[in-house]
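Undergrad: pasting a predicted model and its sequence here:
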Amino acid sequence: MQPLIDNARTFGHRTEELAPLAEGQSPTALFITCSDARVVPALITGARPGELFELRTAGSIVPPYASDRPTGEAATIEYAVEVLGVRDVVVCGHSHCGAVGALVRGDDLSAVPAVRDWLAHAAPDGVPGHPEDPAVADAVRAHVLAQLLRLRSYPCVERRLTEGQLRLRGWYYEVHTGAVREYRTRTDSFETL
């Protein structure tokens, strides 16, 4: 922890770089990804402060939209799309994802009921994959596509897609290589960026 504290102490000495951020933010993309500490959106994309709006959830899960039960995730998506006017939304899954792996293996999550109940949002029919694959690559890629489909059910996303003012992108990040692949509809596969 001490290195983190040391960096936090010196971070504020960058006032010349940080002062313009007080005027507001204008991110070009909403980046939805896992809470996993190995996935660092700004590091992966090279984004500077103010350029990327982030939503991090266990398993990169986009919960179902329900106007009668607002969630922090829905509020973040709506704010990014309606107020900040992002042009792209990226759902980025990653290799070796513990959440997706637990779903594929059918792990007993009774000791962590909040995690169990959250992961129930992943997909109504479960997450297909191979339990013997530690990277759970196929399962994560299928999961990313399911979350993109879920995003389309959000009224603000659906409207902006219809207007041609928003693009949805599915990414797969390999934590062990740093490679990023994007889903391409024309080939129905994830290809290197």
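TA: Everything's here; your move. Numbering: from 1, shown residues only.
Undergrad: pull out the buried residues from the helix or strand containing Arg141.
TA: Using DSSP states H and E, the element containing Arg141 is helix 137-151. Across helix 137-151, burial judged by 16 or more other Cβ atoms under 10 Å covers 137, 139-148, 150-151. Just so you know, the C-beta spots here come from the backbone N, C-alpha and C atoms, and that holds for glycine as well.
Undergrad: now stretch 90-105
TA: Buried-residue list, stretch 90-105, by 16+ other Cβ under 10 Å: 90-97, 99-104.
Undergrad: sorry, back to before: got the contact list for the helix holding Arg141?
TA: With contact meaning Cβ atoms under 8 Å, 6 or more residues apart in numbering, helix 137-151 is reached by 32, 59-65, 77, 89, 91-95, 97, 100-101, 103-104, 122-123, 127-130, 133, 157, 168, 170-172, 183, 190.
Undergrad: could I have the buried ones of those as PyMOL selection syntax?
TA: This is how PyMOL selects the buried members of those, with burial counted by 16+ other Cβ under 10 Å:
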select buried, resi 32+59+60+61+62+63+65+77+89+91+92+93+94+95+97+100+101+103+104+122+123+127+129+157+168+170+171+172+183+190
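Undergrad: next step: the contacts of helix 137-151 restricted to helices.
TA: Ile77, Val100, Gly101, Leu103, Val104, Val157 (DSSP state H).
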